[in-house]
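**Q** build the 3D model from these lines:
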Amino acid sequence: NSSYQLSSVPLQILFYINGIYYIFYFLATLAMIVYKSEVFSYPDDFLAPDLALLFIMAILEVLRLYLGSKGNLTEEEAPLGLSLVMTVGSVILSVYFLVWQTYVLKADVVLNALLLFTYGLESVLKVGAIAAFVS
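**A** Sure thing, here's the model as predicted:
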């Protein structure tokens with residue numbers, strides 16, 4: 001009988017929460033980059049890459065959440081797997097903003113730590129959902 005629901009409700013909820021949180025994260029990080037460029041002597045050759053990486057991360061995040069949500073709801077492992085692979089890129093960018101950006105404020109640490117935690121939790125749930133779809 002194939003009437004069992006395999007899609008993960010906790011994963012879908014986490015996609016939703018992550019989407020809302022990422023909007024907050026993006027706006028807060030953008031505001032902090034603007035703040036840092038005004039308050040600190042932000043080298044001009046670092047301002048553009050920091051902003052570019054934030055916008056690249058936003059595009060990646062939209063695609064990642066869309067594919068993950070679509071894959072989960074349609075119970076297809078390919079989009080969910082692609083979303084899982086894209087999470088690696090999001091993690092790298094989050095670590096950049098946590099460790100390697102020009103100025104790291106305590107707020108950056110908190111925002112990125114929370115984002116990395118949700119990525120980790122989401123990845124575990126994605127692997128579980130993919131395993132359920134494949135079996």
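
**Q** what's the burial count for Met86?
**A** 17 (other CB atoms under 10 Å). Heads up, the C-betas are built off the backbone N, CA and C, glycines and all.

**Q** measure it to Glu38 for me?
**A** Distance from Met86 to Glu38, counting by CB to CB, to the nearest Å: 33 Å.

**Q** quick one: low-confidence ranges for the chain?
**A** Residue ranges of the chain with pLDDT under 70: 1-3.

**Q** how far does stretch 117-130 sit from the chain's center?
**A** How far stretch 117-130 lies from its chain's middle: 12 Å, per CA atoms, centre = their mean, to the nearest Å.

**Q** again with stretch 54-61
**A** Worked out by CA atoms, centre = their mean, stretch 54-61 lies 8 Å from the chain centre.

**Q** one more: stretch 19-26?
**A** With CA atoms, centre = their mean as the basis, stretch 19-26 stands 9 Å off its chain's centre.

**Q** buried ones in that stretch?
**A** By neighbour count with 16 or more other CB atoms under 10 Å, stretch 19-26 contains the buried residues 22, 25-26.

**Q** just the residues you listed now: which is nearest Gly128?
**A** Within the buried residues of stretch 19-26, the smallest distance to Gly128 is 21.9 Å, found for Tyr22 (CB to CB).

**Q** next, the contact list for the closest one, please.
**A** 58, 61, 65, 115 (CB atoms under 8 Å, 6 or more residues apart in numbering).

**Q** in CSV, list those residues along with distance to Val91, neighbour count and secondary structure.
**A** Below are the contacts of Tyr22 laid out as CSV (distance: CB to CB, whole Å; neighbours: other CB atoms under 10 Å; DSSP: H, G, I helix; E, B strand; the rest coil):
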residue, distance to Val91, neighbour count, secondary structure
Ala58, 15, 17, helix
Glu61, 11, 23, helix
Leu65, 14, 20, helix
Leu115, 9, 24, helix
